[in-house]
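> model the following, please.
(one chain, ligands or ions: 1)
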Amino acid sequence: MMKFPQFSMLPFLMVVVMLSLSGTTLSHPHWDFLHCLSLRLANYSTISKVIYVQNNPSYLSVLNASIHNTRFSTPATPKPFAIITPLKTSHVRSTLYCSKKHGFQLRIRSGGHDVEGLSYVSEVPFVILDLLNFRAIKIDTKNEVAWVQSGATLGELYYAIAAKTNTLAFPAGMCHTVGAGGHFSGGGYGTLFRKYGLAADNIIDARMIDVNGRILDRKSMGEDVFWAIRGGGGNTFGIVLAWKLKLVPVPAVVTVFTVNKNLEQNATKIFHRWQYIAHKLPDDLFMNVWITKVNSSQVGTKTVQATFRGMLLGGVDELITLIQDKFPELGLAEENCNEMSWIESVLYFGGLPLQSVDILLDKNALPTLSLKAKSDYVKEPIPESGIEGLMSMFLEEEADNAVAMIPAFGGKMDEIPENELPYPHRAGNLFEATYIVQWTKEQNAESGKYISWSRRLYSYMTPYVSKSPREAYVNYRDLDLGINNINDYTSYEQASIWGFKYFKNNFKRLVQVKTKVDPMNFFRNEQSIPPLLSPWKKKGN
Ligand code: FDA
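Down below sits the predicted model:
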């Protein structure tokens, strides 16, 4: 017969009732975890809004609501034993306490865009702490600051800013459904980063729960931890509940533009030239190149297109004069340009219809696909022959839904020292390249073929990209770079393989901070920073 410690029966019975109604069979640790949590949550209506166990009628819809890579929503994908959706800080602390006590790994989820699914998949027994109810945003235009809770999406943040003013903004990513929590934890950049740096560069305070359940702000966590949480990767140092942001000025009117050039229109030569120019342009200009496969003008054949898309913090005349002077090869004309407000530019770059900004609040405005991502940093222009090879890979069958996203660096990014924050990819980079290959959920059985294509592309790019280390962007997480041991100690040397790629020398300081704040490595995932000492060794195992 099962034995439980003494406890007030009422809340626990409620969970039991809920579970038995849902048909769930539970083993000891599961019971213990739920018992622990139900004791701390204490009333039925809270429990029913906060705990979702498998077979609960809402479990799958809550799980899937923030899955943004359907590669990880198959019947074979490991599922959490429970999803906890806290309504208040005490619920977060209780979840932390009970997961620690009963040996469940905790996966913190904000927007659920982790490209390797790390916020909602684990090979060991785990629970998801889903911050979907932590979405409050406070904008203070007078002091040009904002507080945003981690579960809010970037779309919600941008919407809230624009509801108050059209001359302030925040320099974060372009996809409106990305969550603040994961995005800021890895750096985060978008159309304003050449002017103002990363999202993380503009965070001035935070509210975090550490492994001991203490609620900390910048002052009480100390500058080392505050440094680490702004770019050192999520699920590593604690649970960040909210962030204080420094808002940045934007003109009431900005100008966006798009110019498409396919292979027959000299895409290769124009992109080759772009590499010499784009990173030196004024920091008021953002410019991105997307390489994709498209239909050619000859029916039934395909070509590769370079889409040059950008934004000037200024008017159309200024933009055209600038580009005609510095980059005439692009052939930018007035019909390629559009003046609009900054918030409308968010729709433009997010691939959303230029109608109502209300769509920024819709998490399902765009379809979710299966995907694999990889990233590189480029410091020397790629020769034309190299670009030709890259383009030709996009003509392959697997690349029907693939894209190389290539934003020009320079500007403010050149001015910020490499060790200012964990994100080290600053001066000296011409651009970053993110390669994303996508397919539909129905094609998941063929995932292997798409993933192999992305690995071949990555291998093809080797001679043209950064070396020793081959740098990568932690927000486009790539488990091909190496992983931690799932249930055992991971040495500094082992983690260095991917750690130096993401963080360069900052990896060392991240390990020191981790060792100090979470020496037993409670917060962990396949690529979290390991502490220096083995918790297993410490315990004498
Ligand atoms: P998710 O919730 O999956 O979290 C990501 C990681 O952070 C996980 O390890 C998670 O456990 C951890 N975490 C989440 N919340 C936390 C919290 N509160 N405290 C501690 N840890 C936490 N990037 C970019 O720089 N610019 C861009 O324009 C885009 N665009 C883009 C589009 C699309 C479609 C995708 C899929 C991804 C991007 N990204 C991006 C990458 C994006 O910034 C990255 O995936 C973020 O980590 C996503 O944050 P979420 O909160 O959505 O993810």
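
> contacts, neighbours, all on C-alpha from now
OK.

> near the ligand, which residues of the stretch 1-150 of the chain?
107-115, 118-119, 150 (CA under 6 Å from any ligand atom).

> most neighbours, which of those residues?
When neighbours are counted by other CA atoms under 10 Å, Ser150 leads those with 31 neighbours.

> gap between that one and Asp362?
17 Å (CA to CA, to the nearest Å).

> list the ones among the residues of the stretch 1-150 of the chain next to the ligand that fall in strands.
Assigned to strands by DSSP state E, the following of those qualify: 107-109.

> make a markdown table out of those residues and add pLDDT.
Formatted as a markdown table, those follow (pLDDT from 0 to 100):
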| residue | pLDDT |
| --- | --- |
| Arg107 | 98 |
| Ile108 | 98 |
| Arg109 | 98 |
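
> dump the residues you listed into CSV; add distance to Ile529 as well.
Shown next, in CSV, are these (distance: CA to CA, whole Å):
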residue, distance to Ile529
Arg107, 15
Ile108, 15
Arg109, 18
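
> before we move on, back to that, farthest pair in the residues of the stretch 1-150 of the chain next to the ligand?
The distance between the two most remote of those (CA to CA) is 17.7 Å, for Val115 and Ser150.

> follow-up on the earlier one: any chance of a markdown table for the residues of the stretch 1-150 of the chain next to the ligand, columns distance to Gln265?
Below are these laid out as a markdown table (distance: CA to CA, whole Å):
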| residue | distance to Gln265 |
| --- | --- |
| Arg107 | 48 |
| Ile108 | 47 |
| Arg109 | 44 |
| Ser110 | 42 |
| Gly111 | 39 |
| Gly112 | 39 |
| His113 | 35 |
| Asp114 | 36 |
| Val115 | 33 |
| Leu118 | 41 |
| Ser119 | 43 |
| Ser150 | 44 |
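
> return the closest of the residues you listed with respect to Val256.
The shortest approach to Val256 among those belongs to His113, at 26.1 Å (CA to CA).

> was I right to think that closest one contacts Asn69?
Yes - counting by CA atoms under 8 Å, His113 sits close enough to Asn69 to count as a contact (7.2 Å).

> after the helix or strand that contains Val127 comes which helix or strand?
Element membership for Val127 (DSSP states H and E) is strand 126-130. Using DSSP H and E, the helix or strand that follows strand 126-130 in sequence is strand 137-140.

> other SSEs contacting that next one?
Packing partners of strand 137-140 (3 or more CA pairs under 8 Å, 6 or more residues apart in numbering; DSSP states H and E): strand 145-149, helix 154-164.

> list the contacts for Glu123?
78, 486 (CA atoms under 8 Å, 6 or more residues apart in numbering).

> okay, Pro29: pLDDT?
As predicted, Pro29 sits at a pLDDT of 82.

> which strand or helix spans it?
Going by DSSP H and E, Pro29 is in helix 28-41.

> which SSE is immediately downstream of that helix?
Counting by DSSP H and E, what follows helix 28-41 is helix 44-50.

> name the next helix or strand downstream of that following helix, please.
strand 51-53.

> partners of that next one, with directions?
Strand pairing for strand 51-53, using DSSP bridges, gives strand 82-84 (antiparallel).

> can you tell me what sits against the partner strand?
The contact list for strand 82-84 (CA under 8 Å, 6+ apart) reads 50-54, 59, 62-63, 95, 126-130.

> now render these as a markdown table, adding pLDDT.
Listed next are the contacts of strand 82-84 as a markdown table, based on pLDDT from 0 to 100:
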| residue | pLDDT |
| --- | --- |
| Val50 | 96 |
| Ile51 | 96 |
| Tyr52 | 96 |
| Val53 | 95 |
| Gln54 | 91 |
| Tyr59 | 97 |
| Val62 | 97 |
| Leu63 | 98 |
| Thr95 | 97 |
| Phe126 | 97 |
| Val127 | 98 |
| Ile128 | 98 |
| Leu129 | 98 |
| Asp130 | 98 |
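
> adding distance to Glu318 and neighbour count, write these out as TSV.
What follows is the contacts of strand 82-84, written out as TSV (distance: CA to CA, whole Å; neighbours: other CA atoms under 10 Å):
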residue	distance to Glu318	neighbour count
Val50	53	20
Ile51	55	22
Tyr52	55	25
Val53	57	22
Gln54	58	19
Tyr59	53	16
Val62	48	16
Leu63	48	20
Thr95	54	28
Phe126	54	21
Val127	53	27
Ile128	49	25
Leu129	48	26
Asp130	45	25
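
> okay, those residues in TSV with distance to Ala160 next?
Converted to TSV, the contacts of strand 82-84 look like this (distance: CA to CA, whole Å):
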residue	distance to Ala160
Val50	26
Ile51	29
Tyr52	30
Val53	33
Gln54	35
Tyr59	30
Val62	25
Leu63	26
Thr95	30
Phe126	34
Val127	31
Ile128	27
Leu129	25
Asp130	22
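
> quick check: Gly410 vs the ligand, distance?
Separation of Gly410 from the ligand (CA to the nearest ligand atom, to the nearest Å): 16 Å.

> so that residue, which state does it fall into?
coil (DSSP: H, G, I helix; E, B strand; the rest coil).

> ok, now how distant is it from Ile277?
Distance from Gly410 to Ile277, by CA to CA: 10 Å.

> Asn64 too?
According to CA to CA, Asn64 and Ile277 sit 43 Å apart.

> likewise for Glu442?
Distance check for Glu442 against Ile277: by CA to CA, it reads 42 Å.

> got the residues of the stretch 151-300 of the chain near the ligand?
Contact residues, the stretch 151-300 of the chain versus the ligand (CA under 6 Å from any ligand atom): 173-175, 178-183, 188-190, 234-235, 238-241.

> let's see that with 8 Å instead.
Neighbours of the ligand within the stretch 151-300 of the chain, by CA under 8 Å from any ligand atom: 151, 153, 172-190, 198, 208, 229, 233-242.
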